[in-house]
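J.: Structure, please.
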Amino acid sequence: MGFTIEDMLTLTGDRYKMSMIAGNRGWSNSISWVLMVEDFNILRNFVGKELAVTVGLGFDSEDLLLSLAHELSVHHAAGLIVNTGFYIDQIPQPLIDLCNELGLPLLVVPWEIYIADMIKDLSVRIFLQGMTDEQISAAFIKAMGSPEQVAAARQELLQYYDVDGDFQIFLMTIPGLDTMDTVERKRIGYRMELFLENITHNCSFFYYDGSFVLVCNDLPPDVTEQVITDFERRMALRMPETKLCIGVSSRMKDLESLSVAYRRARAAVEMALITGKKRISFDQMGIYRILYLVPDKALLREMSRDLLQPLISYDEKHGGQYLETLEYYLTLEGSFLAMSDAMFIHRNTLMYRMNKIRKLLGTDLSTAEEKLNYQIACLIMHMEHDDDVRTRSVT
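T.: Got it, this is the predicted structure:
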């Protein structure tokens, strides 16, 4: 998850007499770069995850510092370091309170520290950690996409993760993500990564094949749920215009199972996109687990239309409800009483319809296998319908 505020304090806190005085919720924020900020204009260049450093030259009043904290939060900065002792003697309490409220890490270093050296040191560490993160992401992509490369990925990940432990994948996407330019996609990714509170080096976050991927290793289920719930809340609050969909894989054992976890997360996020739901867990998809894992979508369409086309054609020609009637019949286990209550149609009318439906389909629907075939055909039809609706709404 990059070079974080925690890493910075652990590795360089003593050297630069650095302390964190507010914004502890951002303890795990990743830092993309370190920038000196002495006026508001430079904030236009922030794309997310930047760590701002100020000596207070342009922010030598409480009001200006409060405005700076607000702007940094809006621009999804990783945190703020204030060099105290000259322009700013003491951090005002309202700034501390605001940074706690925003979850924006607020750190101080004394005036005796040479800021240029600190920034150079931190920049090198960020760069090296960025290279490591890219190697980790590449190794995970190997393991997700090709079981044959798991052995190589295992060696690359061994020093960073428990490769024999539990893994779970979360795929996060928004409509049109795969068509965005790289800069805009990175901007969104930076923001999203900041919203993943309390996740440090037991997870990896990266972009792959149209989605942002979060790989969690040995993260307890209750912690995982809290992290994702908080992430969704912060996304809704800070990026309300973004329609986010999340697909959750099963929890799998060992790195060798990562490709299975990825396919399951991909099936779940695909269903979330099609149905418009915010989050779908693969383990709760029921029979759709099988249908969404079928790579040959044309085969599914053929199976559905081969069985249902007689009813579709009849309804289109006569304005009938034969297909809907069949679905109620299958769902309500053939109970004409239940069908009558659900559809507000007399039982005699329903019995007449079912006789016609049986003739059109060429089957009496008497066996469990026949009913199952048509139930699956209806489920596939709804998958296609929801996808058509989603496509029209996007375009």
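J.: going forward, measure contacts and count neighbours with C-alpha atoms only.
T.: Fine.
J.: Walk me through the domains of the protein.
T.: Domain assignment for the chain, taken from automatic domain parsing, gives 5-113, 132-293, 297-394.
J.: So which of these is nearest R125?
T.: domain 5-113 (8.8 Å; CA to CA).
J.: The stretch 1-150 of the chain: helices as residue ranges?
T.: Taking DSSP state H, counting those that start in this stretch as the criterion, the stretch 1-150 of the chain carries its helices at 5-12, 62-74, 93-102, 115-145, 150-157.
J.: Mind listing what's buried along the longest one?
T.: The reference is to helix 115-145. Using 16 or more other CA atoms under 10 Å as the test for burial, helix 115-145 gives 115, 119, 122-123, 125-127, 129-130, 133, 136-144.
J.: Can you spell out which helices and strands pack onto that helix?
T.: With contacts taken as 3 or more CA pairs under 8 Å, 6 or more residues apart in numbering; DSSP states H and E, helix 115-145 sits against strand 33-36, helix 150-157, strand 203-208, helix 258-275.
J.: For the next helix or strand after the second one, which outside residues touch it?
T.: Put plainly, it is helix 150-157. The C-terminal neighbour of helix 150-157 among helices and strands, as given by DSSP states H and E, is strand 166-173. Applying CA atoms under 8 Å, 6 or more residues apart in numbering, the contact partners of strand 166-173 are 210-219, 244-255, 258, 261-262, 265-266, 269.
J.: How about stretch 333-353?
T.: Here stretch 333-353 has contacts from Y322, T325, Y328, Y329, L332, using CA under 8 Å, 6+ apart.
J.: and it, which residues are buried?
T.: Buried residues in stretch 333-353, counted by 16+ other CA under 10 Å: F336, M339, S340, R347, L350, R353.
J.: just stretch 236-256 next, same as before
T.: In stretch 236-256, counting by 16+ other CA under 10 Å, buried: 238, 244-253, 255-256.
J.: out of those, what pair is the most spread apart?
T.: So, the buried residues of stretch 236-256 by CA to CA: farthest apart are R238 and E256, at 36.6 Å.
J.: still on that earlier bit, dump the helices and strands packed on helix 115-145 to a markdown table, plus mean neighbour count and distance to R15.
T.: Formatted as a markdown table, these follow (neighbours: other CA atoms under 10 Å; distance: least, CA to CA, whole Å):
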| stretch | mean neighbour count | distance to R15 |
| --- | --- | --- |
| strand 33-36 | 19 | 17 |
| helix 150-157 | 17 | 30 |
| strand 203-208 | 19 | 28 |
| helix 258-275 | 24 | 40 |
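J.: From the buried residues of stretch 333-353, which land in helices?
T.: Secondary structure from DSSP state H places F336, M339, S340, R347, L350, R353 of the buried residues of stretch 333-353 in helices.
J.: Closest to A152 out of those?
T.: M339 (57.3 Å).
J.: And the pLDDT at the closest one?
T.: pLDDT for M339: 91.
J.: between the buried residues of stretch 333-353, which is nearest F195?
T.: Set against F195, the nearest of the buried residues of stretch 333-353 by CA to CA is M339 (47.1 Å).
J.: Check the spacing between that closest one and E327 real quick.
T.: Plainly put, M339 is 10 Å away from E327 if you go by CA to CA, to the nearest Å.
J.: List the residue ranges of the stretch 1-150 of the chain that fall below the pLDDT cut-off.
T.: Low-confidence segments of the stretch 1-150 of the chain (pLDDT under 70): 1.
J.: Kindly report the same for the stretch 251-395 of the chain.
T.: In the stretch 251-395 of the chain, residues with pLDDT under 70: 385-395.
J.: Just the strands from it, written as ranges.
T.: Here the stretch 251-395 of the chain has its strands, by DSSP state E, counting those that start in this stretch, at 252-253, 279-281.
J.: The longest one - contacts with which helices or strands?
T.: By that I understand strand 279-281. The contact analysis (3+ CA pairs under 8 Å, 6+ apart) places strand 279-281 against strand 245-248, helix 258-275.
J.: partners of that strand, with directions?
T.: Paired strands of strand 279-281, with direction, are strand 245-248 (parallel) (DSSP bridges).
J.: CA atoms only for the partner strand - export them in CSV, please.
T.: Provided in CSV are the C-alpha atoms of strand 245-248 (Å, rounded to 0.1, in the frame of the first residue of the first chain):
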residue,chain,number,x,y,z
CYS,A,245,-19.5,-1.2,-7.7
ILE,A,246,-17.6,-3.8,-5.6
GLY,A,247,-17.2,-7.5,-6.2
VAL,A,248,-16.1,-9.6,-3.3
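J.: quick one: average pLDDT of that strand?
T.: In this model, strand 245-248 has an average pLDDT of 96.
J.: Can you mark which positions in stretch 155-170 are buried?
T.: So, applying 16+ other CA under 10 Å, buried residues of stretch 155-170: E156, L157, Y161, D162, V163, D166, F167, Q168, I169, F170.
J.: I'd like those residues laid out as JSON lines, including distance to V109 and pLDDT.
T.: JSON lines is the format used below for the buried residues of stretch 155-170 (distance: CA to CA, whole Å; pLDDT from 0 to 100):
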{"residue": "E156", "distance to V109": "37", "pLDDT": "93"}
{"residue": "L157", "distance to V109": "35", "pLDDT": "94"}
{"residue": "Y161", "distance to V109": "33", "pLDDT": "94"}
{"residue": "D162", "distance to V109": "36", "pLDDT": "94"}
{"residue": "V163", "distance to V109": "39", "pLDDT": "94"}
{"residue": "D166", "distance to V109": "40", "pLDDT": "95"}
{"residue": "F167", "distance to V109": "39", "pLDDT": "96"}
{"residue": "Q168", "distance to V109": "39", "pLDDT": "96"}
{"residue": "I169", "distance to V109": "38", "pLDDT": "96"}
{"residue": "F170", "distance to V109": "37", "pLDDT": "96"}
